[in-house]
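J.: dropping the sequence and predicted coords here.
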Amino acid sequence: MDVDGTSLKPVPLRDVRDGGPLRHALEARAGARALRDECVGWFPRTAQRCIPALDGITRRWLMRSRSPYVDEIAAIAAALGFPGIWFLNGAYEWGCTALAREEGAPWLARTLDWPFPGLGRHVEIARMAGPAGEFMNVTWPGFVGVLTAMAPLRFAACVNQAPLWRRTRAPALRLFDIAANAVRTWSLRHIPPDQLLRQVFETCASFADARQRLELTPIARPVIYTLVGCASGERCVIERTEDGHTTRFDDTCAANDWLTPAEPWEARVGGDLMFSCSFGEAGGNSRIRREALAAWDGRFADASFAWVTPPVLNRFTRIATEMCPAQGVLRVLGYESAAGFELPQPATLTGEVRIGAPALA
């Protein structure tokens, strides 16, 4: 049974190698609308009325940036015909935890933690392709970037939100710092980090190529990438600022702070924690998630998602993913908040794709 008391549904697998995200949005129009409604419904009613204005701001920013997918977003927004598409393509995830390690071959596991409801029950796997080959994108209809994906026999990667540059220290002033950083982002004409990751999956043939592009391409805002390849030793965490990077090949686990915290950077917090969590508590929240996942001693090959337990599992967990590009394996499990439970519960069946498999297992 799922969080609403009905039968759990499989994670859809959509072949959009021809047509990409526009075809995905058109084929899953009802799902795109339901997802938009659930995500927007999380905002206060006054903020919901601002969605068209937020669309306009996001559209102007993306058109100023070096986004290669602006025309695609415009086509999706026009085809679906409801507000929110531009805004959701400019949104940035609140928090995540990721681990790259080896079990005979490199594996990458990650949770995506957003306060938006619906992301877990509406998650899909899009089979996409670019000049470098095919890749499996864990995504939603209407979204053009890549947050989590696996390219069989090439590499797998994911995005974690980087810490926040703070001008103040009071929890109540985080919103001010977020707004001030947004003004800086507006002034830059770099590619958004999630869209760079999609470009990498479309055009990079190897772990080495992907690593170099993720390290050196100027980006619109800081980010943490976790990347694994197919050969032993091909795993790293890339901590990015707009124009700089630090790459590590040990301690390849990441949450939402730099491995070595540095003021005035502050680890990310989200949802109702944003206005209550102190500077030190924010860093502690990120650290305990990273350390707990790094210490997990089970096996990803067991396909049990047994690592998704507190504190990695938290109130905002929406998706858990396991990936091994050497074996061509990708697994996805959606989560949603559930009545009677303190923490989110599975909202889908486990979706599994194996290289050459025509459908989910």
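T.: That came through, no problem.

J.: all helices for the protein, in order.
T.: 20-27, 29-41, 45-48, 51-64, 70-80, 85-90, 174-187, 193-203, 207-216, 279-295 (DSSP state H).

J.: which residues sit in contact with the closest residue to Arg29 other than its chain neighbours?
T.: Closest residue in space to Arg29, ignoring its immediate chain neighbours: Leu80 at 6.3 Å, by C-beta to C-beta, 6 or more residues apart in numbering. Backbone N, C-alpha and C define where each C-beta goes, glycine included. Counting by C-beta atoms under 8 Å, 6 or more residues apart in numbering, Leu80 touches Ala25, Arg29, Ala32, Arg33, Gly142.

J.: still on that earlier bit, so which of the helices of the chain comes closest to Thr97?
T.: For Thr97, the closest of the helices of the chain is helix 279-295, at 4.5 Å, according to C-beta to C-beta.

J.: ok, the nearest residue to Pro310 once chain neighbours are set aside to Arg315 distance?
T.: Spatially, and ignoring its direct neighbours in sequence, Pro310 is nearest to Leu343 (6.7 Å; C-beta to C-beta, 6+ apart). Distance of Leu343 to Arg315, given as C-beta to C-beta, to the nearest Å: 6 Å.

J.: intersection of neighbour lists for these two?
T.: Contacts common to Leu343 and Arg315, judged by C-beta under 8 Å, 6+ apart, are absent.

J.: okay, now the unreliable bits of this structure?
T.: Residue ranges of the chain with pLDDT under 70: 1-6, 47, 92-94, 270-276, 356-361.

J.: one more pass at 50, please.
T.: 1, 357-361 (pLDDT under 50).

J.: centre-most residue in it?
T.: Leu147 (3.5 Å; C-alpha atoms, centre = their mean).

J.: how deep is the closest residue in space to Thr241 that isn't next to it in sequence tucked in, by neighbour count?
T.: Leaving out its chain neighbours, the residue that sits closest to Thr241 by C-beta to C-beta, 6+ apart is Pro222, at 5.0 Å. Pro222 has 20 neighbouring residues, counting by other C-beta atoms under 10 Å.

J.: and the gap between the closest residue to Arg240 other than its chain neighbours and Ser278?
T.: The spatially closest residue to Arg240, leaving aside those adjacent along the chain, is Val223, at 5.0 Å (C-beta to C-beta, 6+ apart). Distance of Val223 to Ser278, given as C-beta to C-beta: 24 Å.

J.: which of those two has more neighbours?
T.: More neighbours surround Val223 than the other of Val223 and Ser278, with 23 against 13 (other C-beta under 10 Å).

J.: contacting residues for the more buried one?
T.: Val159, Asn160, Gln161, Ala162, Pro193, Arg240.

J.: same thing but 7 Å
T.: Val159, Ala162, Pro193, Arg240 (C-beta atoms under 7 Å, 6 or more residues apart in numbering).

J.: which strand residues bridge it?
T.: Gln161, Arg240 (DSSP bridges).

J.: roughly how far apart are it and Ala306?
T.: 28 Å.

J.: same question for Ala151.
T.: In terms of C-beta to C-beta, Ala151 sits 26 Å off from Ala306.

J.: for those two, indicate the residue with more neighbours.
T.: Ala151 (31 against 11).

J.: could you pull up the contacting residues of the closest residue to the more buried one other than its chain neighbours?
T.: Among residues not flanking Ala151 along the chain, Phe135 sits closest, at 3.9 Å (C-beta to C-beta, 6+ apart). Shown in contact with Phe135 (C-beta under 7 Å, 6+ apart): Met128, Ala149, Met150, Ala151, Phe201.

J.: what's the neighbour count on the residue nearest to Leu35 when sequence neighbours are not counted?
T.: Leaving aside its sequence neighbours, Leu35 sits nearest to His122 (C-beta to C-beta, 6+ apart; 4.4 Å). When neighbours are counted by other C-beta under 10 Å, His122 registers 26.

J.: isn't Val228 up against Leu108?
T.: Yes. The criterion here is C-beta atoms under 7 Å, and Val228 meets it with Leu108 at 4.6 Å.

J.: quick check: neighbours shared by those two?
T.: Ala100, Ala156.

J.: more neighbours, those two?
T.: Between Val228 and Leu108, Val228 has the larger neighbour count (other C-beta under 10 Å), namely 30 against 27.

J.: count the residues that sit near the closest residue to the more buried one other than its chain neighbours.
T.: The spatially closest residue to Val228, leaving aside those adjacent along the chain, is Pro106, at 3.8 Å (C-beta to C-beta, 6+ apart). For Pro106, the neighbour count with other C-beta under 10 Å is 27.

J.: what's the answer for the one 5 residues further on, then?
T.: Using other C-beta under 10 Å, Thr111 has 30 neighbouring residues.

J.: now swap in Glu38 and tell me
T.: Using other C-beta under 10 Å: Glu38 sits among 16 other residues.

J.: now do the contacts for the nearest residue to it once chain neighbours are set aside.
T.: Nearest residue to Glu38, sequence neighbours excluded (C-beta to C-beta, 6+ apart): Gly118, at 3.0 Å. By C-beta under 7 Å, 6+ apart, the contact set of Gly118 is Ala34, Leu35, Glu38, Cys39.

J.: right, I'll call it a day here.
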